[in-house]
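K.L.:
Make a model of this:
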Amino acid sequence: RLFKDLFSGAVVSSDAFPMEECFDGAAVKFKAKYVTKSNDLGGIPAGEGDEEDADAESVINLVDTYRLTALDEYKQKDWMVIVKEVMAGVMEKIKKEGTMDKDQMKAYKKGCVEFVNFIKSKYSEIQFYQGEIGDYEGIAQSFGYCLGENPEDPLEFSFYFFRGALVDEKC
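P.N.:
This next block holds a predicted model:
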């Protein structure tokens, strides 16, 4: 399965990456890793392999695979404006699909608040990413929130997305 941004249509991940739902289903977390990308071996985990390739490049596999772009310009206040737009679009989608009853919707909204508060609490540690948005000019989009959470493996990253802002596409 591919996961596309609800708003821009950009592919931001797939089920090829380990993932789990969190925050009562309001968010999804994909695991990514730095890999060494070389001309003849493709991507292998960084630090593995017998010889150093002078042309090799270290990349985060999820970022490289889906050509995500790092963003630096968002202040927390500006980000909150975007989150409100994203949440309005997600709630409209959920209501249109009719996939949640009143109790499920309440739990989902609670999970969204917890997820937003989590991002706010880690804001200075998070790197924002976006997919290839092409000609899309709206402000609402599914950012990937990248955070190093594994102190035992500094080459591993978690990429969080609002679950409702992703569209599953079978491939």
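K.L.:
neighbouring contacts of the longest helix along the chain?
P.N.:
Identified as the longest helix of the chain according to DSSP state H is helix 76-97. Helix 76-97 is contacted by residues 6-7, 74, 100, 105, 108, 112, 116, 120, 123, 128, 138-143, 162, 164-165 when judged by Cβ atoms under 8 Å, 6 or more residues apart in numbering. Yep, even glycine has a C-beta here, placed from its N, CA and C like the rest.
K.L.:
Check E132 and give its pLDDT.
P.N.:
Looking at E132, its pLDDT reads 84.
K.L.:
Residue numbering should commence at 55 henceforth.
P.N.:
Noted, 55 is the first residue going forward, which turns the last one into E186.
K.L.:
before we move on, the earlier item: CA atoms only for the helix or strand just after the longest helix of the chain - export them in CSV, please.
P.N.:
Using DSSP states H and E, the helix or strand that follows helix 130-151 in sequence is helix 156-175. This file holds the C-alpha atoms of helix 156-175, laid out as CSV (Å, rounded to 0.1, in the frame of the first residue of the first chain):
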residue,chain,number,x,y,z
LYS,A,156,-20.0,9.4,17.7
ASP,A,157,-17.9,7.6,20.3
GLN,A,158,-15.2,6.8,17.8
MET,A,159,-15.1,10.4,16.5
LYS,A,160,-14.8,11.6,20.1
ALA,A,161,-11.8,9.2,20.7
TYR,A,162,-10.3,10.2,17.4
LYS,A,163,-10.5,13.9,18.2
LYS,A,164,-9.0,13.3,21.6
GLY,A,165,-6.1,11.4,19.9
CYS,A,166,-5.6,14.3,17.5
VAL,A,167,-5.3,16.8,20.5
GLU,A,168,-2.8,14.4,22.1
PHE,A,169,-0.8,14.2,18.9
VAL,A,170,-0.7,17.9,18.4
ASN,A,171,0.4,18.4,22.0
PHE,A,172,3.1,15.7,21.5
ILE,A,173,4.4,17.6,18.4
LYS,A,174,4.3,20.9,20.3
SER,A,175,6.2,19.4,23.2
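K.L.:
other SSEs contacting the helix or strand just after helix 156-175?
P.N.:
Proceeding N to C from helix 156-175, the next assigned helix or strand is strand 181-184, under DSSP H and E. When contacts are defined as 3 or more Cβ pairs under 8 Å, 6 or more residues apart in numbering; DSSP states H and E, strand 181-184 sits against strand 123-125, strand 198-201.
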